[in-house]
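Enquirer: sequence first, predicted model second:
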Amino acid sequence: MTDENPEYDLLIVGGGNAALCAALTANEQGARVLIVESAPPEFRGGNSRHTRNMRRMNAAYLEDEYWNDLRQVTGGETDEQLARMTIRSSAEAGAWMTSHGVRFQPSLTGTLHLGRTNEFFLGGGKALLNSYYETARKRGIRVMYNTEVVSLDICNGLFESATALVGGSPLELRAKAVVFAAGGFEANIEWLKEAWGDGAENFLIRGTPYNNGKVLKLLLDAGVQPVGDPKQCHAVAIDGRAPKFDGGIVTRLDCVPLGIVVNREGSRFYDEGEELWPKRYAIWGRLVAQQAGQIAWSLIDSKVVGRFMPSVFPAIRANSIAELAVKLGLPVDAMEATVRNFNASVRPGRFDHTVLDDCRTEGLTPPKSHWAQALDTPPFLGYPLRPGITFTYLSVKVNEQAQIVMKDGNCARNLFAAGEIMAGNILGKGYLAGFGMTIGTAFGRIAGKEAARAAL
Amino acid sequence: MPPSERSALMQEGDRLMTICNSCRYCEGYCAVFPAMERRLEFPDGDLNYLANLCHNCTDCLSACQYAPPHEFAVDVPKILAEIRRKSYIEYARPIGLLSGPAVAAIVIVLAALGLIFTPHTSGGDFYAAIPHGVMVAIFGIAGLLVLVALAVALNRLWKDQGGLQPRLSAFTRMFRDATTLKYLSSPARRLFHHFTFYGFLLCFASTCVAAFYDNVLGWKAPYAYSSVPVVLGTLGGIGLIVGPIGLLRWRQAGIGLPFISMLLATGLTGFALMIFRNTGAMAPLLGVHLAVVLALFITLPYSKFVHGIYRSAALFRYALEQRD
């Protein structure tokens, strides 16, 4: 079966921010565009629907500082030319976004540290997507939902067609060029297990279940050059009671540095007060993933309640450490010993959770370097922690025109990529808040423009 | 309050606000979200407060990553609308909200009385149809009862939502936010609401000026078409016809319909009276118009009218809290 209307210049695989930026840009170049989105309409938009802001270069945040931030978090796992291009284009991206319906709002309460560098979308990423989809609808861009691409006909770096499943039946989609903006593979547990072993069964996926990496795999199988660490993903520690997929922002827990974290044996395993939370947010996913059962518990006492962003799930409360241990299913004696040792090693200091204060432990392994206060004021509160996977780094290699690079080093003539599926070119490691949307917007627009040029 | 004693509706409101509080993406839409963020827990009174800040514009629902069919099933405007409706009933105990048929029955009874007791006169002199003293007595008593009922409701609201020390600056801000509909995002809806609200005020002003003419200056109605009461009443009447018709598109779960219909009926019968005031139809029209106005009056505390007072109270609280 072939599509009843095969006359598209450009096929866009994916339906998130990068896909829509590409579609709108290509449409403005005169290309007839078809978007195929594997999710149903209510879950369209990939991980963009969970985003809230975008990192943007501005008069107070210039290119070199931005670049330095990126170089630091990636430890050099980046491509300076592509990165600087992305950073520079973020300066004028705001005007383009606004002209396509996106509305911004002041920095959200509790995000002061992002006020200088990031711009927040009014209503968040789903509102942004709604604006883009509405603009696309007005322009007559066709969107096919529940349409998953299952095979690609790519011959010597030339795209011929894609086959998608629509309601269980295959549909051949022909176009003169294609933009792949189908995300990473973080929702593919089997693939995660290749890197993490069976423990990956216990991972929670913070974003869309539709980022199953099938399109990425099809491209790699078709001889596209990979980039980024295939074994790595960005993992944070989130509330262990979060849903398996799509829990998004509300599942985060910001209380780790304010208390202690114990594993299933009731033992501490890492310095909870090593750094200010935003900088250490990302390492805790990995730390928890390394514990038995891929689970840990953050314990605080009532002194610090109200000093962190509330979690969506209520804390488990108890009036003694022993009672809390019972409620959490942890060994009582070990927990009591851990808290007793911790409390005994806390040195006096002036507690201030907003700076690296002088409250620390002495003679304790592992130490707690800051914000160490005795757990002594009931009720005591516990939150289960699990690794929450945000995104994966493995990507397809692209050039400055967003053109996909084949294994032999040649550029594919009519294959383009944008968004998370190519983000590993620029963000090969680490995390920079709001940078995913910057890459998606920059490369979505480039891919749309270049793909339209290749097609017309 | 232990969960077992809380209504399912309030528990759902609590659940949703807890989710919103850890997301906060909608902060910039309206006053509901910044007000919510000042809280860690959501007792019934606070939910009533938040519900009365909400205009049900649904901007937050379409932006919500947790909207149904997501398993969190977050639909804030829907739940806040239900809580708001319940707060209207709760504060207006024991009568609560009057249904459409009940309001219609009141209108019919009063109109019938109006027609029966209005002697036929051949136009011009309103007081020949209904004596001045009778009008003043009926509307004076009705007005007094309405004011008492509204004061009782407002007192209940203030106690339920927790008293705060009032400040003049907060009152000024509330007045500005309420009269400009600051947090109502839809321009069309705001326009039609302005027609309705200011139409209502103009009609009220017309009545006051007429009362002043009559009681202080001794000028007897009917007044000329170019006179202040007639001009104010005409402009107000236009507002009360255009506004309610436009607002029908946004009526909230049926509770607005009786009130909107009464405003519309007031505007329409008022115009009819003005046009036919010099004909034999004057007396019956006056009877019907005054019956409609009286019905509107006495049902005010038990109709959607109260939203203006409760929302203003919520905006007042909002202004007080924001400055704390």
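Expert: Noted; the coordinates are in hand. Numbers count the residues shown, from 1 in each chain, chains lettered A, B, ... in the order given.
Enquirer: switch to C-alpha atoms for all contacts and neighbour counts from now on
Expert: Fine.
Enquirer: which of the helices or strands spans the residue located most distally from the centre of chain A?
Expert: No residue in chain A sits farther from the centre than residue A:344, which is 39.2 Å out by CA atoms, centre = their mean. Assessed by DSSP states H and E, residue A:344 sits inside helix A:332-345.
Enquirer: in the chain, which spans are helices?
Expert: In the absence of a named chain, this looks at chain A. A:17-28, A:63-74, A:80-99, A:125-138, A:189-196, A:214-221, A:277-280, A:283-289, A:321-328, A:332-345, A:435-455 (DSSP state H).
Enquirer: switch to chain B, please.
Expert: B:8-21, B:32-37, B:44-51, B:59-63, B:76-91, B:100-117, B:126-129, B:132-161, B:168-180, B:187-212, B:228-247, B:257-275, B:282-299, B:306-323.
Enquirer: run the chain-centre distance for the third one.
Expert: The chain centroid and the centroid of helix B:44-51 are separated by 19 Å under CA atoms, centre = their mean, to the nearest Å.
Enquirer: same question, the fifth one
Expert: Relative to the mean C-alpha coordinate of its chain, helix B:76-91 is positioned 15 Å out (CA atoms, centre = their mean).
Enquirer: for the fourth one, same thing?
Expert: With CA atoms, centre = their mean as the basis, the distance from the averaged C-alpha position of helix B:59-63 to the chain average is 25 Å.
Enquirer: and the contacts of it?
Expert: With contact meaning CA atoms under 8 Å, 6 or more residues apart in numbering or on different chains, helix B:59-63 is reached by A:123-127, A:130, B:26, B:29, B:67, B:74-77.
Enquirer: so for that helix, what's the average pLDDT?
Expert: For helix B:59-63, mean pLDDT is 97.
Enquirer: the third one now?
Expert: Per-residue confidence for helix B:44-51 averages out to 98 on the pLDDT scale.
Enquirer: by contact count, what packs against that helix?
Expert: helix B:8-21, helix B:32-37, helix B:76-91, helix B:132-161 (3 or more CA pairs under 8 Å, 6 or more residues apart in numbering or on different chains; DSSP states H and E).
Enquirer: any chance of those helices in CSV, plus distance to residue A:50, mean neighbour count and mean pLDDT?
Expert: Shown next, in CSV, are these (distance: least, CA to CA, whole Å; neighbours: other CA atoms under 10 Å in any protein chain shown; pLDDT from 0 to 100):
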stretch, distance to residue A:50, mean neighbour count, mean pLDDT
helix B:8-21, 13, 20, 96
helix B:32-37, 18, 20, 96
helix B:76-91, 18, 21, 96
helix B:132-161, 33, 15, 93
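Enquirer: how about the residue farthest from the centre of chain A: what's its closest non-neighbour residue?
Expert: Distance criterion CA to CA, 6 or more residues apart in numbering or on different chains; nearest residue to residue A:344, sequence neighbours excluded, is residue A:374 at 7.8 Å.
Enquirer: quick one: buried residues of the helix holding residue A:344?
Expert: Residues A:332, A:334, A:335, A:336, A:338, A:339, A:341, A:342, A:343, A:345 are the ones in helix A:332-345 that count as buried (16 or more other CA atoms under 10 Å in any protein chain shown).
Enquirer: am I right that the first one is in contact with residue A:322?
Expert: Yes. Applying CA atoms under 8 Å, one finds residue A:332 in contact with residue A:322, separated by 5.4 Å.
Enquirer: neighbouring contacts of the helix holding residue A:344?
Expert: So helix A:332-345 is in contact with A:265-268, A:321-322, A:325-326, A:361-364, A:373-376, going by CA under 8 Å, 6+ apart.
Enquirer: tell me how the chain divides into domains.
Expert: I'll assume chain A. Here the domain parsing of chain A from automatic domain parsing is A:8-230+A:393-455, A:236-388.
Enquirer: hmm, no, I was thinking of chain B.
Expert: The record's domain parsing of chain B by automatic domain parsing lists B:3-90, B:97-319.
Enquirer: adding distance to residue A:220, write these out as JSON lines.
Expert: Formatted as JSON lines, the domains of chain B follow (distance: least, CA to CA, whole Å):
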{"stretch": "domain B:3-90", "distance to residue A:220": "31"}
{"stretch": "domain B:97-319", "distance to residue A:220": "47"}
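Enquirer: ok so, going back, please report how far the residue nearest to residue A:344 lies from residue A:358.
Expert: To residue A:358, residue A:374 is 14 Å away according to CA to CA, to the nearest Å.
Enquirer: sorry, back to before: closest to chain B among the buried residues of helix A:332-345?
Expert: Of all those, residue A:339 has the smallest distance to chain B: 27.1 Å, by CA to the nearest CA.
Enquirer: before we move on, back to that, could you identify which of the domains of chain B is most buried?
Expert: Comparing the domains of chain B by mean neighbour count (mean count of other CA atoms under 10 Å in any protein chain shown), domain B:3-90 ranks first with a mean of 20.
Enquirer: counting neighbours, what do you get for the residue nearest to residue A:344?
Expert: 23 (other CA atoms under 10 Å in any protein chain shown).
Enquirer: any idea how far it lies from chain B?
Expert: Residue A:374 sits 24 Å away from chain B, going by CA to the nearest CA, to the nearest Å.
Enquirer: contacting residues for residue A:242?
Expert: Contact analysis of residue A:242 by CA under 8 Å, 6+ apart lists A:204, A:251.
Enquirer: can you give me the strands for the stretch 301-450 of chain A?
Expert: A:316-318, A:380-392, A:395-396, A:403-405, A:411-417 (DSSP state E, counting those that start in this stretch).
Enquirer: hmm, the longest one in reach of chain B?
Expert: Read that as strand A:380-392. No. Using CA under 8 Å from any CA of the partner chain, strand A:380-392 stays clear of chain B, with a minimum separation of 14.9 Å.
Enquirer: so which elements touch that strand?
Expert: strand A:204-205, strand A:233-239, helix A:283-289, strand A:296-301, strand A:316-318, helix A:321-328.
Enquirer: quick one, which of these gets closest to residue B:142.
Expert: Closest approach to residue B:142 among the helices and strands packed on strand A:380-392 is made by strand A:316-318 (54.9 Å; CA to CA).
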